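Colleague: mind looking at a prediction? Sequence and model below.
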Amino acid sequence: MIDVKDLEDVRLSRPVSVTDLWDIDDRIDRLSDCVERLEKVLEAFILLYQKERVKSWELILQEMTREMVQKKGNNYGNRTG
């Protein structure tokens, strides 16, 4: 059975365990905040990557268009209208 010492230990451990739970809850809140900030940073990186990739493709397409215009100009002369 439970003796007096065991009951005393339970009484003493209860406030400590509640304090530990509050500490754990605070840590979880901080981790949650960190995860949210990391998520925002990752979204910003993805958006930046996509914009830079679009810029690269635009530059490539502009260069290809310029080369095609130059080739047509060389083959057919410079026509107007």
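Modeller: Okay, I see it.

Colleague: quick one, helices of the chain?
Modeller: Taking DSSP state H, the helices of the chain run over residues 4-76.

Colleague: output the below-cut-off pLDDT ranges for it.
Modeller: 1, 12-19, 74-81 (pLDDT under 70).

Colleague: repeat the analysis, applying 90 as the threshold.
Modeller: 1-27, 53-60, 68-81 (pLDDT under 90).

Colleague: so which residue is smack in the middle of it?
Modeller: Leu42 (1.8 Å; Cα atoms, centre = their mean).

Colleague: how near is that one to Arg30?
Modeller: For Leu42, the distance to Arg30 equals 19 Å [Cβ to Cβ, to the nearest Å]. Just so you know, the C-beta spots here come from the backbone N, C-alpha and C atoms, and that holds for glycine as well.

Colleague: also Ile46?
Modeller: 25 Å.

Colleague: now do Glu43
Modeller: From Glu43 to Arg30 the distance is 21 Å (Cβ to Cβ).
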